[in-house]
Each structure stands twice: as structure tokens, then as C-alpha cells.
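Q: quick one, structure for this:
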Amino acid sequence: MHTVSLHSAGLSLDACIKCNICTSYCPVSQVTDRFPGPKYAAPQSERFRQIGQPRSPDASVDYCSGCRVCNEVCPTGVRIAEINARARAQMVAEQGLSLRNRLLGRNELLGKVGSLAPRLANFLLHNRLARRLAAALFGVAEQAPLPRWHAETFTHWLLRTNSNRLRSERKVVYFHGCATQHYEPFVGMATVLVLEHLGYEVIVPPQNCCGLPLLSNGEFGAAEQYHRRNVERLTTYIEAGYPILGSSTSCTLTLKEEAPELLDLEGDAGVQALKFATWDIFEWLRARQEQADLPADMKPLDDAGQPFVLPYHAPCQLRAHRIGKPALDILSCIPGLELRESHARCCGIAGTYGYKVEKYRIAMDVGAELFDFVATQRAGTEASSSFACTACDSETCRWQLEHGTGLPSRHPIEILAAAYGLYDLQARRPLGGN
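A: Numbers count the residues shown, from 1 in each chain. Below is the predicted model of the structure:
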């Protein structure tokens, strides 16, 4: 059994001054009584989880979505979300894990199985009867925005178009993640097209899930195995000096911070090397822009020259990087693009949180702030462009946005690829026969 440390020095438990700022900003505690708020669930309750102290019987910590809004606003730097994640892992270590949470934590396995017969998998997962059975038997919310398997995985597309790929002395390594591999290969396609447009050869080595779904569901032991395997697979490229770029801001945060900190691996040289070699894709693109290494040949997204109104939501995982909002910095250079930035705290889905029967309504209530924002931005702008969408850096947040607004949602890299004339934003496919 994996031992969960509750005493990481980085959690700064005693720095809590009981100001309740975290609770006043918490999107979950504001829509449900099942979660009493970050201060109570984390630093206050943590004092009763210490070794030698009576165990706290309060399981409300499981209703923390891990959105990290509390971390953002805490004036003394208490790592509240991490305290809650460790407490959840300790509960799993002591009480075991439900079949549902075990399955939701294994996105890579589910993706591989479904990709063997994607049409059949989509039919089985998305018909009404199957969703009702999944809700009744496993506790997976019937209405939750589950993804659809794509007919072709990202790596299959890469293999099929290998002869068309750029070869260059300038190289980068692409960590695509499970969602891009099985559900949204077009995000990977857009990423490769943009990087090649910059003159970089894109290396896509074997890789596995970053482990975030496992961490979120309290399976720290399995998450550590996943992370160490990625370290082994990427070490050669790191030693060669290649940057590791990820288009899933959740995956890059896990490689850079979540896995090393939560799993107490910060003393491991390989883990640290991966941490400092990893970039979120727009973080890296902004650095290229600052060095005048980003092509400026961007064109308007609307052929008719109409303004293109784009509501943009910076997801919780991106904000946790503490790198600002690099996608906004880059996309603001696209002619005719009217970016409308959301200041909503969270979309509500929080990875696998909103897929659970008991948390689906909470997730939707949390997301209402964002859904209302999108509706407001779209009001009176329907005629501004022939295609309307939102943009977000996280896959599960995009699915939640589509679910809550009825509008398509795109990764910012798809927006950029379209502006470079490489990608069909509406059809989500490369231009030029790829």
C-alpha cells in the first residue's frame, strides 16, 4: 500500500491565519452545503490528521474539486488544495476505492480500449440506456459531458503523415496526453502544424498518462508508477536539451508540479529534470515571441473580414502554473479577433469531479458563472462571424463549456493554427491534404 505523507513542508499548514478569504472565494462551498469550505477541510481539519492525533471522521474533503482557487487567493501561501488531495489519498489508502473512481482514474486504459472499436465504443457509451445503466451501476452522471473516441488516434495520424513531416536541426518533444491521443487528435494535429510552421521538428516519443486522474481520485501509488515511467521515457530527450511541450495544461502542470510535490519526488534528479524541461505550449510560444522567433503571418479567422468574437476561459490548471495567460498574449496578435476574457473562477468539471452522480449538479452550478459569461458575450454578435466558438486550454473544461453553453469549444492552438492558414477551425482538420 502506498504511504501517503501528510507532513510535506511545502504545505505550510501553520501559516493559516483563519481569515476565511479562501472560503469566500471557493466556488464549491458557495453552491453546496456538502463542502464546508477550504479553511475547514484543509488546515483546520488537517490538525486532526496528524500522526498521534485522533483521526477526523469528516469525509467532506472529498467534495473539494481541487480547482485551486483557494491557493490563488490565500494571503499566506497555504497549499490548501494539496492538503485536501493528500487527505483524500489517505482516505483511499484506509478505506479503499470504488470501482467508478478506479475506472475514472484510468483514462489511458479507457482510451485504449475504446480506440480498438471507436464507433462501437461511442454507441455503447453515449446511448441513453447505457448512460442510465452507468449512472445506476457505477455512479457516472447520466448527463455529464463524456468525450467521444475519434476514428483515428493522434499517433496513427502522425504515422500516416510521417512522410510529410518537417525534418530540422531544431527539435522539440511533444507530450500530447490521453485526451489528444484518443478523443481530440485534431488538437495534436494543430500543435504539430504550428510547431513545424515555426521551423521545428516535432518528436513524439512513447508516453503514458500523466497520472492526474489517479492523483485526483486518491491513487497516489499508481500515479507514482505512471510518473516514473514518463520520466524514464523522456530522460534521453531532456539530456539532449530538447524542451518538452504539452498542449494539455493539466498534463504539463502534473509533470511540472503536481506529481513531484504530491508524491514527494522532488529529491529525484530525473523528476526534477522533467519538471524544468516541461513547458505549456503557449508558455513556450510566448517565449519564442519575445525572442522574435514567432511568425507574424497571421490572417483574420473570418474570410469576409468580419470581427471574430472569441470568449476565452483560462482554466484552473493553467492559472496554477503561475505564468499569466500566454494564450491571450499570442492570440491578441490575430487580426480581427475580439478576445473576451472570462473571469469565472471555475467551469465546475474539475477533471473527473463533475462526472460523478453526487457531484454533477455541483459542477453545473459552479460552471453557471462561466456559462452566463459566454451567453453575454455572444448576445448581439451572432452576425459577426460565420462560425462561433469558445476557447480554453484544458480538454475537460472545453467539454464542460460545450455542455453548458451549446457552443463548440476549441483549444487556443487550434485558433492559432487557423490564423496561420494551416487548419480548418470549424471542421477541426488540417488544410493541405494532411
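
Q: where does the chain have low pLDDT?
A: 1-11, 47-58, 380-385, 433 (pLDDT under 70).

Q: repeat the analysis, applying 90 as the threshold.
A: Across the chain, the ranges flagged by pLDDT under 90 are 1-18, 36-61, 83-84, 86-88, 90-91, 93-95, 125, 302-307, 378-387, 432-434.

Q: mind listing what residue 316 touches?
A: 67-69, 345-346, 350, 394 (C-beta atoms under 8 Å, 6 or more residues apart in numbering). Where you see a C-beta, it was placed from the backbone N, CA and C, and this is true even at glycine.

Q: from residue 366, how far off is the closest residue in space to residue 403 that isn't next to it in sequence?
A: Of all residues not flanking residue 403 in the chain, residue 145 sits nearest, at 3.7 Å (C-beta to C-beta, 6 or more residues apart in numbering). From residue 145 over to residue 366 the distance is 14 Å, taken as C-beta to C-beta, to the nearest Å.

Q: looking at the two, which one has more neighbours?
A: The neighbour count for residue 145 versus residue 366, taken as other C-beta atoms under 10 Å, is higher for residue 366 (28 against 18).

Q: any chance you could list what contacts the helix or strand hosting that one?
A: Using DSSP states H and E, the element containing residue 366 is helix 360-378. When contacts are defined by C-beta under 8 Å, 6+ apart, helix 360-378 is touched by residues 27-28, 31-32, 34, 63, 65, 141, 143-144, 309, 311, 313, 340, 342-350, 353-354, 388, 390, 400-401, 404-405, 407.

Q: next step: the residues you listed restricted to helices.
A: 400-401, 404-405 (DSSP state H).

Q: got those residues as JSON lines, with distance to residue 275 and neighbour count columns?
A: Formatted as JSON lines, those follow (distance: C-beta to C-beta, whole Å; neighbours: other C-beta atoms under 10 Å):
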{"residue": "400", "distance to residue 275": "28", "neighbour count": "29"}
{"residue": "401", "distance to residue 275": "29", "neighbour count": "30"}
{"residue": "404", "distance to residue 275": "33", "neighbour count": "23"}
{"residue": "405", "distance to residue 275": "35", "neighbour count": "21"}
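
Q: check contacts around the residue sitting nearest the centre point of the chain.
A: Centroid-nearest residue in the chain: residue 250, 3.2 Å away (criterion: C-alpha atoms, centre = their mean). Residues in contact with residue 250, defined by C-beta under 8 Å, 6+ apart, are 177, 210, 212, 315, 317, 351, 394-396.

Q: who wins for neighbours among those?
A: residue 177 (31 neighbours).

Q: tell me how far stretch 391-398 is from the chain's mean position?
A: 7 Å (C-alpha atoms, centre = their mean, to the nearest Å).

Q: need the CA coordinates for that stretch. PDB is fine.
A: The C-alpha coordinates for stretch 391-398 follow below in PDB (Å, rounded to 0.1, in the frame of the first residue of the first chain):
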ATOM      1  CA  ALA A 391     -11.600  28.800 -26.300                       C
ATOM      2  CA  CYS A 392     -10.000  27.000 -23.400                       C
ATOM      3  CA  ASP A 393      -6.600  25.300 -22.700                       C
ATOM      4  CA  SER A 394      -8.000  22.300 -20.900                       C
ATOM      5  CA  GLU A 395      -9.800  19.400 -22.500                       C
ATOM      6  CA  THR A 396     -12.300  18.600 -19.800                       C
ATOM      7  CA  CYS A 397     -13.100  22.300 -19.400                       C
ATOM      8  CA  ARG A 398     -13.800  22.500 -23.200                       C
END
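
Q: nearest to residue 19, of the contacts of residue 316?
A: residue 69 (14.9 Å; C-beta to C-beta).

Q: which one of the contacts of residue 316 sits closest to residue 23?
A: Distances from residue 23 to those, taken as C-beta to C-beta, are shortest for residue 69 (10.6 Å).

Q: and the ones in helices among the contacts of helix 360-378 as a markdown table, adding distance to residue 130?
A: A markdown table is the format used below for the ones in helices among the contacts of helix 360-378 (distance: C-beta to C-beta, whole Å):
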| residue | distance to residue 130 |
| --- | --- |
| 400 | 21 |
| 401 | 24 |
| 404 | 22 |
| 405 | 25 |
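
Q: what's the spacing between residue 417 and residue 402?
A: For residue 417, the distance to residue 402 - C-beta to C-beta - is 19 Å.

Q: try residue 332
A: 24 Å.

Q: before we move on, back to that, against residue 74, how distant is the residue nearest to the centre of the chain?
A: 21 Å.

Q: can you list the domains in this structure?
A: Domain assignment for the chain by automatic domain parsing gives 9-96, 154-290, 308-430.

Q: in TSV, list those domains along with distance to residue 120.
A: Listed next are the domains of the chain as TSV, based on distance: least, C-beta to C-beta, whole Å:
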stretch	distance to residue 120
domain 9-96	32
domain 154-290	14
domain 308-430	21
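
Q: residue 123: which of those is closest?
A: domain 154-290 (15.5 Å).

Q: end to end, how far does that closest one reach?
A: End-to-end distance of domain 154-290 (C-alpha to C-alpha, to the nearest Å): 30 Å.

Q: tell me the contacts of residue 315?
A: Contacts of residue 315 (C-beta under 8 Å, 6+ apart): 249-250, 347, 392-394, 397.

Q: kindly recompute the last result at 6 Å.
A: 392-394, 397 (C-beta atoms under 6 Å, 6 or more residues apart in numbering).

Q: and residue 255, by the same measure?
A: 210, 274, 278.

Q: the first one and residue 79, how far apart?
A: This points to residue 210. 19 Å.

Q: buried residues in the helix holding residue 366, which are they?
A: Of the residues in helix 360-378, 360, 362-364, 366-367, 369-371, 373-374, 377-378 count as buried by neighbour count, 16 or more other C-beta atoms under 10 Å.

Q: got the residues you listed as a markdown table, with distance to residue 135 columns?
A: As requested, these are exported to a markdown table (distance: C-beta to C-beta, whole Å):
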| residue | distance to residue 135 |
| --- | --- |
| 360 | 9 |
| 362 | 16 |
| 363 | 15 |
| 364 | 15 |
| 366 | 20 |
| 367 | 19 |
| 369 | 26 |
| 370 | 24 |
| 371 | 22 |
| 373 | 29 |
| 374 | 27 |
| 377 | 33 |
| 378 | 31 |
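
Q: quick one, which of residue 332 and residue 402 is more surrounded?
A: Taking other C-beta under 10 Å, residue 332 and residue 402 do not tie; residue 402 has more neighbours (16 against 10).
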